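Enquirer: Could you look at this predicted model? Sequence included:
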Amino acid sequence: MRLYMFEHCSLCFRVRMTAALKRLHLQETVVLDDDNDTMIDLVGKRQIPILVKDDGGPMLESMEMVKYLDAFGGPLLTGIQCAEIVAWEQRVTPMIARLTQPRYPLLGLPEFGTVAALDHYAVRKRQTLGDFVELRDKTRQLLTELTPILEELDGLIESPRAINGTLSFDDVRVLPLLRSAAVVKGLRFPEKVRAYFETMMAATGYQSLPTT
Ligand SMILES: N[C@@H](CCC(=O)N[C@@H](CS)C(=O)NCC(=O)O)C(=O)O
């Protein structure tokens, strides 16, 4: 199986963490941000992540990929899902994007490995997010807004090894977002969030992203 991905992409990390937790071998191909051809050749449009199964068939939805991988050899993500976690994910995703997306181009990630790829990202994100420098200048304000939301999560974590006590799809929702948020230098996770993040990242074997 091969995953076409961006290193910074939290939806890609859903798939990567599931394969890692299941000890499944997943080949990873990082696509340059401006490499539309690779995506279009595989699935007819520009979208990431793409999982190409061993039979050559491509999949396009990250949670479908997670379910597909989880079914190998018996499911691991067997815990209950919590409506509060689903709601938390939806609320926090745009807040985290405003902090992280202006930073990703500064991290030396492989999807930005050429000037053309870096420019491509900057142009398309500027259209949706605005000016990166202005957004980075708002870091303190954005972190102040994020702090109570992270504290809410702190109150929802049952165990550092699984958000609801037993691994579930909620872990796949939350850990990739924390991995993204952790790129922000100066962000302090509340105690249980930090223990959860560190324990779960160690369980996946993946390094955190750089910070800036
Ligand atoms: N529902 C899809 C959404 C995938 C998605 O939105 N991917 C983003 C990257 S994280 C994308 O392809 N954006 C278009 C782009 O990069 O131009 C999933 O969960 O896999």
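Expert: Noted; the coordinates are in hand. All of these numbers come straight from a predicted model, not from anything done at the bench. Numbers count the residues shown, from 1 in each chain.

Enquirer: from here on, contacts and neighbour counts on C-alpha atoms
Expert: Noted.

Enquirer: how close does the closest residue in space to Leu11 that isn't next to it in sequence get to the ligand?
Expert: Spatial nearest neighbour of Leu11, chain neighbours left out: Ser62 (6.0 Å); criterion: CA to CA, 6 or more residues apart in numbering. As judged by CA to the nearest ligand atom, to the nearest Å, Ser62 and the ligand stand 4 Å apart.

Enquirer: Please give me every residue in contact with Ser62.
Expert: Leu11, Cys12, Arg14, Val15, Pro49 (CA atoms under 8 Å, 6 or more residues apart in numbering).

Enquirer: Could you give the number of residues near the second one?
Expert: Residue neighbour count, defined by other CA atoms under 10 Å, stands at 24 for Cys12.

Enquirer: contacting residues around it?
Expert: The contact partners of Cys12, taken as CA under 8 Å, 6+ apart, are Met5, Phe6, Ile48, Pro49, Ser62.

Enquirer: neighbours around Val183, how many?
Expert: With other CA under 10 Å as criterion, Val183 counts 21.

Enquirer: how far away is it from Tyr104?
Expert: In this view, Val183 and Tyr104 are 8 Å apart by CA to CA, to the nearest Å.

Enquirer: list the contacts for the residue in the chain positioned nearest to the ligand?
Expert: Scanning the chain for the residue nearest the ligand gives Gln47, at 3.3 Å (criterion: CA to the nearest ligand atom). Contact analysis of Gln47 by CA under 8 Å, 6+ apart lists Met39, Leu60.

Enquirer: ok, 7 Å please
Expert: Met39 (CA atoms under 7 Å, 6 or more residues apart in numbering).

Enquirer: for the chain, what spans make up the strands?
Expert: 2-5, 27-30, 50-52, 58-59 (DSSP state E).

Enquirer: what sits up against the first one?
Expert: Yep, that's strand 2-5 we're talking about. Against strand 2-5 from outside (CA under 7 Å, 6+ apart): 12, 26-31, 48-53.
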